[in-house]
Every structure is written in C-alpha cells, then in structure tokens.
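# Need the 3D shape of this:
(chains A and B)
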Amino acid sequence: MDLKTLTEAFGPSGMENEVRALLKEEASKFCDDISIDRAGNLVCRRKGTDSSLPSVTFAAHMDEIGFIVTGHTEDSLLRFRPVGGVDPRVVVSKWVLLGRERLRGVIGAMAIHLQTPEDRARVLDYDNLFIDIGANDKKEAEALCPLGTYAVFETEYAEFGDGFVAVRALDDRVGCLSLLQILKNSDYAGDLCCAFVTQEEVGLRGSASAAFLIQPDIAIVLEGTAANDLGDTEERFQVCVPGKGVAISFMDKASIADKGLFEMMKEAAEKNGIPHQIKRGITGGNDAGSFQRRGKGARTCVLSVPCRYIHSGNSVAKLSDIKAQSDLALAFLKSLTA
Amino acid sequence: MLRDTLQTLLNAYGPSGSEHAVAEKVRELLEGHVDSMKTDALGNLIVEKFGADENAKTIMVSAHMDHIGLVVTNIEENGFLRVGAVGGISPELVRGRKMVFQDGLPGIAVLEPNVKNKARQDLSDLFVDIGAETREEAEKLVSVGDVCVYAPDFTYLGKNRVASPAMDDRCACALLAELLMYADNQKNHIVGVFSTQEEVGLRGAGVAAYAIEPDIGLAIDVTAWGDTPETKLPAVKLGKGPAVKIMDRSMIATPAVREKLFEAAQAAGVIVQREVLAFGGTDGGAIQLSRAGVPTGTLSIPCRYVHSANEVIDMRDMEGALKILLQFVDLA
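Numbering: from 1, shown residues only, chains lettered A, B, ... in the order given. Prediction:
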C-alpha cells in the first residue's frame, strides 16, 4: 500500500468504507484478528506473548474533511456544507468528486467582472457557494446527487521539490500508512493493537467507541497536524515545520501527553537518530482525548506529520517526516521491551 | 491539624498533567491511616478506607490536585519564553506574577504594554522572563512543554482567612486527606480520589469513577464568592459555612445526595449555605455521568479571587466542612 492509493480513496467522515476496505485488505497480510466495531472502526489486534508488558494501541483516523449536499437550487446547482472544518476561502473554483460514483462537480462563484467592490472585499460563505454538476435542471440534479451526498476535493497526488508531497487527505492517511508499517514491522511481545478510526474530523467520535472497546494501557495517536511556517509568521506561531521531523505533542485542547511517554518518545528519537521536533502549538485536538478519557483511561501521546495548508484540497508534507512517524513508533515499541 | 495539612499541600508543585508531587505529599500524610493507595493511568491517587457496615455503600469523594499554569510553547532567540494556558489562567491575573517551574526555577510573567491597541490582550501578549539572555542559556534551564505555576505562598489574612495561589483545590485535598485520617469505623466505604486534570475538563475524575463504580459520588471544590464591593453573585459568603451545591454548568446535584449533605450538616451542627453557580463545574459533573450514572453532590468551600495568585478562604468554613464530611460517610 502506498500513500497515493490511500489518499485517492474516498472517505469523508461517516463514509469511510472505501478507505476501510483498502486498509483491511492490506492489514490482513500482517494480522489475523481484525474486526469492525459498531462505529465502523477497523480494529487490528495482535496478542502478545509477554503479559508483563503494557498493552499498546496505535490509532489513526480514516476519515477526511469534505462536503455534504444540503439542497438544490431552482437552476440545478447544489447547496452544500463542509464536513469537518473547511475554510470557505479555499474552495472556490475547485473540482470535487461526489458520491460513490465520483460524479464531477465544480464549486463556482460570481465572476470578477460582475462583482461590486463590496463583493470583492467579502469572503463568500457556504450560503453563497454552490456545486455545479452540469445538470440541466433541478430534477436532474436531485436524481444525481440527492440530499446527503458526500463530496471531496478532486486533486491529484503529486510529489514535488525536494521530497515533498501535495494531495488532499494527508490528514490522516499518513497516520493510516504508519499503522500499516507498524503491523508489518513490529515484533512487540506485548498486546498490540492498531485502530483505524472513523469520524475524527467531526468530533473524535469513532475513537470514543474504539477507546472504550480496547482500553489499552498506552495509546499513541498518529496524526497529520497543521504546520504554519508560512510567510513572515513568527517562529512561536509556526506550530511545526515540514522537513524537521515527526512532531511530538506535549498538550493540545483534547489531551495532555503523559509526561513519561513524552520523555520516552524524545529519548527514542534521539537514540535512533530519527528526525523529530516538539509541536509548539496547543490548539486543536485529536483522538488521544478519547483514549485518555474513555473507560479506565490510558496514558497517551501524539506523534504528528506536519502538514501545510491542512484541511484544503492540497496539503503539503515531507515524505521524510512520514517515514519518521512510523520509525519513531517502532523505536518506541522497542524501547518498552529494552 | 487541618491548617498544617493545608499548608503542606499548598506548597507542592502540581499543574494539570503533572500532579505527582502533590500525590506524593498526600501519600506521606495518609501512610498508616488507610487500607490501600494506588495510582492509575491518569495519575489519580485512589485511596480506600473500608466501612464497618456489612451493607456499606461505596462513596467516591473527589478533590482535584491540579491547578492552573502556563506551558512553554516557544523559547525565543532573546531567551524569553512564550506560553499557553493550562486551564483558565487570564493575562490580567497573571501579569507581573512570580512563577516557578517544577525544579523551582523562577520566572516573571510579563504582559507587554498594549502597543497594538487590541480590544483585549491575550496570552500571546505575554512572556515569561527567566533571566536568560540567549536562547541557548534558556534551553539549558527549560524545555518546550514545561509548565510554570504561581509561586507558592501562604498568607494569613485577619483572624480566620488564608490566601494562597493553589487554594483551588488543595483546600479540598486537605479536607479529603483529613477525612481519610480521622474517619474511624465509619459505616460506608470511602474511596478518596485525589484527582488530576480537573482544570482542563474534569478528566481524571471521569476515569476514576469508571474504575471505582461508586454508589454515591461527592466532589469537594472551591466555589466563587458574592461578598466583595461590586460582586453580588453567587449568593455565597466567606465565613458563613461551606456551601451545598444545587447546580452549576457541569451538574445538577442529585437531590438525594444534596439532602444527605444538609442532614449531615445538621447532625454536625454546622451552618451551610446553598449554592447555585451560573458558570464553572467540578469533578461532580464527570462522576455523575460515569457508566450508567452515579448519584452525586458537591460540597463547596467559598473562595474569593479564584484562579488568581491569592485565592482566599476562611478556615471556619474548612473546619465546618470536615465535620460535615465525617458525618456524611456515616449517614449516606
């Protein structure tokens, strides 16, 4: 499985089945206890041989941000809303793919010739944005894309520059890829679980079920996170920087890293020469919040791949950081046994 | 002595997520007084003292060890530290304050003059000065992710009052510790939870309640005040007794538990106040919603200037609260 295949799969929150099927097929090569829970999470378990070791779960979310059809205009356009957080400024004139059939649509806006100076100063919101699917009338549009039809940005996977990649859904297919690497390469002797979870982008929903079901001693969440090393942004607001390695979090809005795990991660990275950085921002939240607080609770830590322009049609990450994410996860597992 | 226990606990370092030094102090205090002590995945210290009755109920009593702080998010070239909030810490209240890190390293929190004429200054306008002149020098002393808190302090105010930056919620930790020390042959099982991460969203108490499965939940926490010149609400006054919570943003207290608290107060001969808080929450909210639900109440200590470097309580309210708690574990 490569990143291109994973990012091309269609998987807005609540419709992760295509991503899940791909991952299940690949994971089954390395794991024979695979189940899908009621929230749609793909849970891959490997029983350990040494019960004195802590049970460890790695988690990554399968879903991505996208759109959902909420209405039809008289003149055949689709009204829509974002699924998860999508800045309306990044959607105008983008191609989108709709539904299982991947019907093409384009998000349009009034031509610049027709805009008043006030129009130009204003950011178009979702009430004033539409998807054009080239239908002749409302009836046709309704038949092709009924209410509730999902859409995602249509973008092509591209590697460019010095080892960078641009595509949609890096958040969090990079984490899914790392989970596969862990299943493939780890010989951890304790109980190991890799959980591919649903609906992170709409509020850590899938992981709430997965966390309760698994209740590991340790949960490590593998994410894509916002890099903000743009223009003249002061260093303190940059959060993390692509190319400087996997980002280790000490805290965000959803969880505070277990201090012991945080130190172990730093140490494992240093000892094994894995490029890493400390994530400097404390905004945002991810599935670690679920794992830390569901059931009897777990010690948690988050490892993220820095992604510029995250939650847009083209986020940018560095391939070496993606490798560093699974490298550090594996080195951490080794350090638990040492 | 309640006062000594309080002072011991107030001095320990313990922002949300790093409460182990407080837990260590509690362990020292309770050694030999209780049946078991253990720490869970989130750092909650869970202490059991078995009850005498063969039909004893399990009462979970929670007091949170953590308090608010500032976490280092960046070390700047000139050696200054940029920080973010751990819990509800405001730039106005923290400005000019002396802070300390876990190893005792001091720093001064400085809110810069409002040169950008912002409507409201926030934590991005604040930095911590640890006296370092360069990034290299600062990096030897602190790392990104380290947390500083208000420097510990303990000041007597008037006859009955004490001010300290960690009163929320170490005063409740002191009460819970003394309850566990002095409860003697009480009817019910007491499971005392010195909880973690309350200030960032009642996180520790929720998982502890799941593991304990109590029959009854009780949180002890501070509550706001309504007895200073321009502050009238909540209708809670210092020195007029502990308060029995009716509701706040996190919980409507289970009526049966609330009434037991009133009963316990009467039996102990302690005057109590009724508390309705339009904001805030306590561990009680997390305990009440655990598993299939737990009947839960909160006993509050009136506290002025909550989340400032001088949180003020009245020791008479503390003494009264301890008497109520000792009755409650027998009555409930």
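# where do the helices sit along the chain?
Answering for chain A, as no chain was given. Here chain A has its helices, by DSSP state H, at A:3-8, A:17-27, A:117-121, A:138-144, A:170-185, A:205-214, A:259-271, A:288-293, A:319-337.
# right idea, wrong chain: chain B
B:2-10, B:20-30, B:91-94, B:135-141, B:167-182, B:203-212, B:255-268, B:283-288, B:315-331.
# So the fourth one, near chain A or not?
No - applying CB under 8 Å from any CB of the partner chain, one finds helix B:135-141 separated from chain A by no less than 10.1 Å. Every residue, glycine included, has its C-beta placed from N, CA and C.
# which helices and strands does that helix pack with?
strand B:69-75 (3 or more CB pairs under 8 Å, 6 or more residues apart in numbering or on different chains; DSSP states H and E).
# give me the number of residues near residue A:14?
Number of residues near residue A:14 (other CB atoms under 10 Å in any protein chain shown) recorded here: 19.
# ok, it - contacts?
A:63, A:83, A:150, A:198, A:199, A:202 (CB atoms under 8 Å, 6 or more residues apart in numbering or on different chains).
# Count the neighbours of residue B:122 for me.
Applying other CB under 10 Å, we find 11 other residues in the vicinity of residue B:122.
# residues touching the closest residue to it other than its chain neighbours, list them.
Of all residues not flanking residue B:122 in the chain, residue B:91 sits nearest, at 6.0 Å (CB to CB, 6 or more residues apart in numbering or on different chains). For residue B:91, the contact set (CB under 8 Å, 6+ apart) comprises B:111, B:121, B:122, B:123, B:125, B:126.
# still on that earlier bit, can I get the contacts of residue A:14 in a markdown table with distance to chain B, neighbour count and pLDDT?
Shown next, in a markdown table, are those (distance: CB to the nearest CB, whole Å; neighbours: other CB atoms under 10 Å in any protein chain shown; pLDDT from 0 to 100):
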| residue | distance to chain B | neighbour count | pLDDT |
| --- | --- | --- | --- |
| A:63 | 23 | 28 | 98 |
| A:83 | 25 | 22 | 97 |
| A:150 | 31 | 22 | 98 |
| A:198 | 22 | 28 | 98 |
| A:199 | 20 | 25 | 98 |
| A:202 | 19 | 16 | 96 |
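# out of those residues, who's nearest residue A:92?
Nearest to residue A:92 among the contacts of residue A:14, counting by CB to CB, is residue A:83 at 17.9 Å.
# Check the gap between residue B:21 and residue B:134 for me.
30 Å (CB to CB, to the nearest Å).
# can you pull the contacts of residue B:51?
B:57, B:186, B:187, B:188, B:189, B:190, B:329.
# My error: substitute residue A:247 in the last question.
Contact analysis of residue A:247 by CB under 8 Å, 6+ apart lists A:225, A:239, A:240, A:276, A:277, A:278, A:279, A:303, A:304, A:305, A:306.
# still on that earlier bit, top of the contacts of residue B:51 by neighbour count?
With neighbours taken as other CB under 10 Å, the top of the contacts of residue B:51 is residue B:190, carrying 26 neighbours.
# Would you check that it makes contact with residue B:49?
Yes - under the criterion of CB atoms under 8 Å, residue B:190 makes contact with residue B:49 at 4.6 Å.
# so what sits against both of the two?
In contact with both residue B:190 and residue B:49: B:180, B:183, using CB under 8 Å, 6+ apart.
# If we only consider the contacts of residue A:14, which is nearest to residue A:244?
residue A:63 (27.0 Å).
# and the spatially closest residue to residue A:36 that is not a sequence neighbour, how far is that from residue A:26?
Spatial nearest neighbour of residue A:36, chain neighbours left out: residue A:42 (5.7 Å); criterion: CB to CB, 6+ apart. According to CB to CB, residue A:42 and residue A:26 sit 11 Å apart.
# who's more crowded, the two?
Applying other CB under 10 Å to residue A:42 and residue A:26 shows that residue A:42 carries more neighbours, namely 25 against 19.
# The more buried one touches residue A:27, doesn't it?
Yes - using CB under 8 Å, residue A:42 is in contact with residue A:27, at 7.2 Å.
# Near chain A, which residues of chain B are found?
So chain B meets chain A at B:16-18, B:40-42, B:71, B:73-74, B:76, B:82, B:84-86, B:143-145, B:197, B:200, B:203-204, B:206-207, B:210-211 (CB under 8 Å from any CB).
# Show the buried residues in the residues you listed.
Buried members of these, scored by 16 or more other CB atoms under 10 Å in any protein chain shown, are B:16-18, B:40-42, B:71, B:73-74, B:76, B:82, B:84-86, B:143-145, B:197, B:200, B:203-204, B:206-207, B:210-211.
# how about low-confidence regions in chain A?
Applying pLDDT under 70 to chain A flags no residue at all.
# still on that earlier bit, common neighbours of residue A:42 and residue A:27, please.
A:34, A:196.
# Apart from its chain neighbours, what residue comes closest to the residue in the stretch 51-200 of chain A positioned nearest to chain B?
The minimum distance from the stretch 51-200 of chain A to chain B, using CB to the nearest CB, falls at residue A:54 (9.8 Å). Once flanking residues are discounted, residue A:54 sits nearest to residue A:217: 3.8 Å by CB to CB, 6+ apart.
# In this structure the one you found contacts residue A:56, no?
Yes - counting by CB under 8 Å, residue A:217 does reach residue A:56; the two are 7.1 Å apart.
# Domains in chain B, by residue range?
According to automatic domain parsing, chain B comprises the domains B:2-67+B:166-331, B:69-150.
# Quick check: end-to-end length of the last one?
Spelled out, it's domain B:69-150. 7 Å (CA to CA, to the nearest Å).
# Pull the distance from it to the chain's centre.
Distance of domain B:69-150 from its chain centroid, counting by CA atoms, centre = their mean, to the nearest Å, is 23 Å.
# same deal with the longest one?
Counting by CA atoms, centre = their mean, domain B:2-67+B:166-331 is centred 8 Å from the centre of its parent chain.
# Residue A:303 reaches residue A:328, doesn't it?
Yes - taking CB under 8 Å as the definition, residue A:303 is a contact partner of residue A:328 at 5.8 Å.
# Need the residues touching each of these two.
Shared contacts of residue A:303 and residue A:328, defined by CB under 8 Å, 6+ apart, are found at A:246, A:248, A:265.
# ok, and of these, which contact chain B?
Answer for these near chain B: none qualify (CB under 8 Å from any CB).
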